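In: here's my sequence, what's the structure:
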Amino acid sequence: MEIRSTTDEDVDVFVDTVHAAFGLFPETPVEGGGLWWSALETDRCLLALTADGRPVGTAAAYSFELTLPGETLVPASGVTAVGVLPTHRRQGVLSAMMRHQLAELRTRGEFLSVLLASEARIYGRFGYGPATCTTQLTVPRHQAALAVPRARNAADAPTTGSVEMLRRAECGEILEEVYDRYRRAQSGALSRPHRWWALRAGQPPISPAPRYVAVHRDADGTPDGYASYSIESGTLTVDETIATHDVVFTALAQFILGHDLVSQVVFKHVPPAHPLRWQFADFRACEVSGDTDWLWVRILDVPGALTARGWFMDGELVLDVEDPFLGERGRYLLTVRDNKADCVPTDREPDLSLDVRDLGSVYLGGTAPSTLMRAGHIRAHHPRAAALADALFRAEQPPHCLHWF
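Out: The predicted structure is shown next:
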């Protein structure tokens, strides 16, 4: 079997193969673009070929930036379009492609990659761990009243603003600019490169699907939030709500919930710890559903990854990290001083022993190491290790990602 990078001439073969692997047919092109695969980076796509040259598997990666705790932006490969034809599954094709891809990422000097898992059982064995979650809130229109307290903790919280309703086709530049401001401050968020917006490649509001957009502007008229939505059969569905401050999110939610001629409102991709539920006059108004994993993280260079993110407590921790898929193991001394970390190999006795996939899960601060200890994933070598690890890996805000790729 051969695994090779694609060229521009391979695009149709790649697209046909990945669709066949999922039992789908490619969409018919529409005016204005919008095909998800139009944003693929040809030099980062892989084809697995049989000895006689037949394509049987695909994998690809996008070039993104990931926001880490401490508002640090780092390169991250967004793994996508991974599939193997049904005739060649369980024959080592997927493992070979994933190993080939991880080697390529290291060659590029990258220390982590991310993906959205179509099936949760697949990617743990390749070293990926679920690092962010997202949820969906459904609110009956007759229970949608908010009772927002007047108290605000942030002295710089916006106090005035306005909401304007636009069609998706009227506000592309606004969406791109607001999303970019948001993702730079939100741990776990991915960039949306300009070419995605230009090609309209992805899900709404990037795609050309018709949508209304509620745009929030601050007192100076500068856009600082938006909600993309559609209405069908009496249900108003919000694709995503992007806000640079909780007050902006509340203003957008009030606008959406006040929409007439709908029976219920569905907010997709709400952070699990978001305060919206607490703002309803009726706490039981919200039905929480679709609570699921979203972004999975794979660490390729432990010292590189741990020294890149921000930290919020001083301390030392010795980590014994195993990478079964790549056949590697290392012991590292993590030392944090003044929000910066140093991470070097050590022969000291470990505080924790863990798989690289579990390091990916705790890396952004969304999962406490003690949770994975209780689940039997991480081994603590002394009674103080759990509390120390929880305190060190804590982030200033829960990570969240809503970009689809």
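
In: where do the strands of the stretch 151-300 of the chain begin and end?
Out: Using DSSP state E, counting those that start in this stretch, the strands found in the stretch 151-300 of the chain span residues 161-167, 212-218, 223-232, 235-243, 264-270, 287-293, 295-299.

In: which ones are touching Asp320?
Out: Arg329, Gly330, Arg331, Pro350, Leu352, Ser353, Leu354 (C-beta atoms under 8 Å, 6 or more residues apart in numbering). All C-beta atoms are positioned from the backbone trio N, CA, C, and that covers glycine.

In: now do the SS call for Met77.
Out: One thing to correct before we go on: residue 77 is Ser, not Met. Look at Ser77: counting by DSSP: H, G, I helix; E, B strand; the rest coil, its state is strand.

In: from Cys45, how far off is it?
Out: According to C-beta to C-beta, to the nearest Å, Ser77 and Cys45 sit 12 Å apart.

In: of the contacts of Asp320, keep whichever come out buried.
Out: Buried members of the contacts of Asp320, counted by 16 or more other C-beta atoms under 10 Å: Arg331, Pro350, Leu352, Ser353, Leu354.

In: rewinding a little: list residues touching both of Ser77 and Cys45?
Out: What both Ser77 and Cys45 touch, as defined by C-beta under 8 Å, 6+ apart, is the set Ala61.

In: about what we covered before: mind checking which of the buried ones among the contacts of Asp320 are in strands?
Out: Arg331, Leu352, Ser353, Leu354 (DSSP state E).

In: just put the buried ones among the contacts of Asp320 in TSV and tack on distance to Arg141.
Out: What follows is the buried ones among the contacts of Asp320, written out as TSV (distance: C-beta to C-beta, whole Å):
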residue	distance to Arg141
Arg331	57
Pro350	55
Leu352	49
Ser353	52
Leu354	46
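
In: what's the closest of those residues to Thr132?
Out: Leu354 (18.7 Å; C-beta to C-beta).

In: surely that closest one touches Leu317?
Out: No. Counting by C-beta atoms under 8 Å, Leu354 does not reach Leu317; the two are 11.0 Å apart.

In: mind listing the helices for the stretch 51-200 of the chain?
Out: Taking DSSP state H, counting those that start in this stretch as the criterion, the stretch 51-200 of the chain contains helices spanning 93-107, 172-185, 194-199.

In: how about a markdown table for those helices, with distance to Phe14 and mean pLDDT added?
Out: A markdown table is the format used below for the helices of the stretch 51-200 of the chain (distance: least, C-beta to C-beta, whole Å; pLDDT from 0 to 100):
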| stretch | distance to Phe14 | mean pLDDT |
| --- | --- | --- |
| helix 93-107 | 13 | 98 |
| helix 172-185 | 27 | 97 |
| helix 194-199 | 16 | 96 |
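
In: among those helices, which is nearest Asp260?
Out: With respect to Asp260, and counting by C-beta to C-beta, the nearest of those is helix 172-185 at 24.9 Å.

In: so for the closest one, what gets flagged as buried?
Out: Residues of helix 172-185 classed as buried by neighbour count (16+ other C-beta under 10 Å): Ile174, Leu175, Glu176, Val178, Tyr179, Asp180, Tyr182, Arg183.

In: flag the shaky bits of the stretch 51-200 of the chain, pLDDT-wise.
Out: Residues of the stretch 51-200 of the chain meeting the criterion pLDDT under 70: 149-159.

In: please redo it, this time with the cut-off set to 90
Out: Low-confidence segments of the stretch 51-200 of the chain, defined by pLDDT under 90: 148-160.

In: tell me the bridge partners for Val321.
Out: Gly330, Leu354 (DSSP bridges).

In: which residues touch it?
Out: Val321 sits in contact with Val302, Arg329, Gly330, Arg331, Tyr332, Leu354, Asp355, Val356, Leu359, where contact means C-beta under 8 Å, 6+ apart.

In: now those residues in CSV, with distance to Pro345?
Out: CSV is the format used below for these (distance: C-beta to C-beta, whole Å):
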residue, distance to Pro345
Val302, 9
Arg329, 11
Gly330, 6
Arg331, 7
Tyr332, 6
Leu354, 16
Asp355, 18
Val356, 15
Leu359, 15
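
In: and the protein, what are its domains?
Out: Here the domain parsing of the chain from automatic domain parsing is 2-110, 134-291, 301-393.

In: so for Cys401, which of these sits nearest?
Out: That would be domain 134-291 among the domains of the chain, by C-beta to C-beta, at 4.8 Å.

In: re the thing from before, turn the contacts of Asp320 into a markdown table, columns for pLDDT and distance to Tyr226.
Out: Formatted as a markdown table, those follow (pLDDT from 0 to 100; distance: C-beta to C-beta, whole Å):
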| residue | pLDDT | distance to Tyr226 |
| --- | --- | --- |
| Arg329 | 98 | 46 |
| Gly330 | 98 | 44 |
| Arg331 | 98 | 47 |
| Pro350 | 98 | 47 |
| Leu352 | 98 | 41 |
| Ser353 | 98 | 45 |
| Leu354 | 98 | 39 |
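
In: mind putting the residues you listed into TSV with distance to Ala219?
Out: Output for those, formatted as TSV (distance: C-beta to C-beta, whole Å):
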residue	distance to Ala219
Arg329	56
Gly330	52
Arg331	54
Pro350	53
Leu352	48
Ser353	53
Leu354	48
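
In: what's the closest of these to Leu392?
Out: Within the contacts of Asp320, the smallest distance to Leu392 is 10.5 Å, found for Leu352 (C-beta to C-beta).

In: from Ala368, how far off is the closest one?
Out: Leu352 is 12 Å from Ala368, where distance means C-beta to C-beta.

In: swap in Arg168?
Out: In terms of C-beta to C-beta, Arg168 sits 39 Å off from Ala368.
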